[in-house]
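Participant: from the sequence below, what's the structure:
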Amino acid sequence: MASTRATAVAALGPVAVGSLLWRHRGGMHLTAVVKAQFAMRPDRPMEVVDAPQLVARDVHEDDDPTRSLIEASDMVPFRPKADVWLRGHAQTPGPPVSVLLARLALYRKQASLLDKVLQVVGDRAHEEAAPQPFERMPLVYERAFGGIGHETNPVGRGHEGSARPPNLLAPHASQTTACFAPVSPYWQTRRKFLDGHRRPSGPILAVAEGVAWPYFQAAPPDQQIAYLRGGEWLVLDGLDATAVRLQSRIPKLTAELRLMRRADDDVGDRLAVVADCLAIDTDARICTITWRGSVSVMGDESPAQWLIAAALAGDGQHIDWSTARMHALAADTVLDDSTTRPGETTAADDPLGRTTVDPITAPAPPSYGEAPWDDEVTELRNRDDDRYRLAEELVAPAATEPGQPPVFDEDDLPWIHEDASEPPPTDRPTERGSASQPIEVPEAPVSSRRSGPTSGARLSSLPPAPLDLDAYLRSLRQAGATEEDVRALLEQLERSRQE
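Facilitator: Numbers count the residues shown, from 1 in each chain. The predicted structure is shown next:
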């Protein structure tokens, strides 16, 4: 079994912590990984729950590497961007439907960091046949466009020689792979970054100089964003069994790591970290966030001399690092440099065999085509109004090398001073979407205050937008939903309001 510890580690509170040794350009490096788990709460901040388990290796469907990836390994040395990936089902309250729109969106302040929509249709006998009603549709690559010989998705359906049409479609690009799930490291989207080198594996990873860092990004390319900071709003449409829209806010928390030495009698040095993965399980209404930091190992140092302690940190929270040091000293180190084994496979030794292609240098195609409302969004964000600044102006740039986290501007961080026990205000205005929008673009969060804030005050962040029912129903009809589907949805929404 793969290990999640290269040094002695200790966790304070509901977090999992691990460490990884790797070699690159002749040097040895140590990466520390921290992971926390949060329960989504509708229209409110997420709640910290029990510590999750670190995923030591990639997990495939049926534990078969020729199938799609359902959970990506946490034990990677570095990611230049943050991965956002999702597993679960497309579903909606009420009776079965034949067509559904599933949406994954992430907002920071007024900026959209990610907004992706899938058109989900029931099973069809052939491309022109009417889709059959369904209750839940698994969001896996086996249901997306692809098939044997397809570069982006070798396990899908609809490609040449595949008799079954796909269930997961990209809007306006039916022959493009579209899914929210993580991408297998054996597929072309990621394999091309190996540039013919061996896949890094084994207890101490040997990362060849020609391997590009995006190889370690498991999310689809259009779901890789700038590092998370906390305070972002997650918006999910068509992905919950009890609500058409589920939106919840990531807590304004971060992981704090300390690197200590056994020989020293202190609490060590703080290790800079970045949040480089948001994994969403919609069926369980659970999100996990992973933080990562790395440090170079000097030639005369042994990782066995080091201790790593981690905790979740918030505003003004005291962390007892002395206790963490005692716990780390009591832990056993499971890896020593002398245990190094090659344990690597070449790009040619691919378990998918004929279903994959050789690495190429061209970038992977986008996961869905250009939407007809893109011009409207661009127009909004090009306004002089400060609320519509581009997302790139609000987020930190991605790091290009490990150990170099981006610099944050404290004035731009979304510090929040709100009572999580109180429900969010509801007297904000609702604006309707235009007829050209298949699904509405959430407006900027609006404060419920009638007057402007006092000098120096910061406003609480509200959900990005309530569900625009008119725009949502229009988009369903444009996607091919029947009037029976629409009536069923309306009846369920009415029952939800009465409850």
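Participant: hey, let's count contacts and neighbours off CA atoms from now on
Facilitator: OK.
Participant: got a list of what the residue nearest to residue 282 when sequence neighbours are not counted touches?
Facilitator: Nearest residue to residue 282, sequence neighbours excluded (C-alpha to C-alpha, 6 or more residues apart in numbering): residue 88, at 5.2 Å. Shown in contact with residue 88 (C-alpha atoms under 8 Å, 6 or more residues apart in numbering): 138, 139, 239, 281, 282, 283.
Participant: please convert the buried members of those residues into PyMOL selection syntax.
Facilitator: Buried subset of the contacts of residue 88, written as a PyMOL selection, criterion 16 or more other C-alpha atoms under 10 Å:
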select buried, resi 139+239+281+282
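Participant: which two among the contacts of residue 88 are spaced furthest apart?
Facilitator: Greatest spacing in these, by C-alpha to C-alpha: 138 and 281 (11.9 Å).
Participant: I'd like the contacts of residue 88 as JSON lines, with secondary structure, pLDDT and distance to residue 232 appended.
Facilitator: JSON lines is the format used below for the contacts of residue 88 (DSSP: H, G, I helix; E, B strand; the rest coil; pLDDT from 0 to 100; distance: C-alpha to C-alpha, whole Å):
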{"residue": "138", "secondary structure": "strand", "pLDDT": "97", "distance to residue 232": "26"}
{"residue": "139", "secondary structure": "coil", "pLDDT": "97", "distance to residue 232": "23"}
{"residue": "239", "secondary structure": "strand", "pLDDT": "96", "distance to residue 232": "19"}
{"residue": "281", "secondary structure": "strand", "pLDDT": "98", "distance to residue 232": "17"}
{"residue": "282", "secondary structure": "coil", "pLDDT": "97", "distance to residue 232": "17"}
{"residue": "283", "secondary structure": "coil", "pLDDT": "96", "distance to residue 232": "21"}
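Participant: quick check, nearest of the contacts of residue 88 to residue 36?
Facilitator: For the contacts of residue 88, with residue 36 as the reference and C-alpha to C-alpha as the criterion, the closest is residue 281, at 13.6 Å.
Participant: so how far is residue 74 from residue 205?
Facilitator: 14 Å (C-alpha to C-alpha, to the nearest Å).
Participant: ok, now residue 132?
Facilitator: In terms of C-alpha to C-alpha, residue 132 sits 38 Å off from residue 74.
Participant: neighbour count: those two, which is higher?
Facilitator: Taking neighbours as other C-alpha atoms under 10 Å, residue 132 and residue 74 compare with residue 74 leading, 24 against 14.
Participant: doesn't residue 137 fall inside a strand?
Facilitator: Yes - according to DSSP: H, G, I helix; E, B strand; the rest coil, residue 137 belongs to a strand.
Participant: ok, it - contacts?
Facilitator: 89, 90, 91, 120, 122.
Participant: got a markdown table for those, with neighbour count too?
Facilitator: As requested, those are exported to a markdown table (neighbours: other C-alpha atoms under 10 Å):
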| residue | neighbour count |
| --- | --- |
| 89 | 20 |
| 90 | 27 |
| 91 | 27 |
| 120 | 29 |
| 122 | 21 |
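Participant: if we take those, which one ends up nearest to residue 487?
Facilitator: For the contacts of residue 137, the closest approach to residue 487 (C-alpha to C-alpha) belongs to residue 91, at 15.7 Å.
Participant: I'd say the closest one and residue 135 touch.
Facilitator: Yes - contact criterion C-alpha atoms under 8 Å: residue 91 and residue 135 qualify, at 6.1 Å.
Participant: quick one: the strands in the stretch 51-200 of the chain?
Facilitator: 59-60, 69-71, 82-87, 89-91, 99-108, 111-121, 136-138, 145-146, 157-158, 168-169 (DSSP state E, counting those that start in this stretch).
Participant: between these, which one is nearest to residue 302?
Facilitator: Among these, the nearest to residue 302 by C-alpha to C-alpha is strand 82-87 (30.1 Å).
Participant: wait, residue 24 sits on residue 211?
Facilitator: No - between residue 24 and residue 211 there is no contact under C-alpha under 8 Å: 9.8 Å.
Participant: more neighbours: those two, which one.
Facilitator: Applying other C-alpha under 10 Å to residue 24 and residue 211 shows that residue 211 carries more neighbours, namely 20 against 13.
Participant: contact partners for the more buried one?
Facilitator: Here residue 211 is in contact with 193, 194, 195, 197 (C-alpha under 8 Å, 6+ apart).
Participant: Provide the secondary structure category for it.
Facilitator: Once three-state DSSP is applied, residue 211 turns out coil.
Participant: quick one: it from residue 199, how far?
Facilitator: 9 Å.
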